[in-house]
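Undergrad: give me a 3D structure for the following:
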Amino acid sequence: MRNLRTSTAFCLAILVGMSSVAMTPIALAESAKQVASAKSQVQSKSVNINTASAEQLAAGLKGVGLKKAKAIIEYRNKVGKFVKVEQLAEVKGIGSATVEKNRALISLK
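TA: Residues are numbered from 1 along each chain as shown. Next up, the predicted model:
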């Protein structure tokens with residue numbers, strides 16, 4: 001009788017463990033979809049590099065984190081508003097490849 005209870009408890013523990021493991025990839029996939037959706041929504045809108053905050057620049061531009069976003073704002077404060085998208089390549093840490101990746105996402109007005 002004791003072996004039956006132990007075996008039953010063991011089987012239940014395995015089933016519970018398997019069900020939680022089986023749910024984890026589904027939950028992770030759903031979370032990844034939500035992140036991708038949010039990112040695409042942010043990136044589908046243009047970012048005004050003359051008025052955006054560092055957080056908005058980092059969220060809206062590909063390959064631009066908070067450090068580069070702050071460099072963009074520092075450049076903007078020092079030199080003045082961007083007149084051409086190409087000027088963005090003059091910012092330290094921003095190259096022409098980053099400018100090209102983001103050309104469709106950038107607005108100046």
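
Undergrad: break the protein into its domains for me.
TA: As given by automatic domain parsing, the domain ranges for the chain are 1-44, 46-107.

Undergrad: among these, which gets the worst mean confidence?
TA: When the domains of the chain are compared by mean pLDDT, domain 1-44 comes last with a mean of 59.

Undergrad: show me what contacts the closest residue to Ala58 other than its chain neighbours?
TA: Sequence neighbours aside, Ala69 is the residue nearest to Ala58 in space, at 4.3 Å (criterion: C-beta to C-beta, 6 or more residues apart in numbering). Where you see a C-beta, it was placed from the backbone N, CA and C, and this is true even at glycine. By C-beta atoms under 8 Å, 6 or more residues apart in numbering, the contact set of Ala69 is Ala54, Glu55, Gln56, Leu57, Ala58, Leu61.

Undergrad: give the buried residues for stretch 96-109.
TA: Buried residues in stretch 96-109, counting neighbours by 16 or more other C-beta atoms under 10 Å, are found at Thr98, Val99, Asn102, Leu105, Ile106.

Undergrad: helix or strand: which one has Lys81?
TA: In this structure, Lys81 is located outside every helix and strand according to DSSP states H and E.

Undergrad: around Leu61, how many other residues sit close by?
TA: Neighbours of Leu61 under the rule other C-beta atoms under 10 Å: 25.
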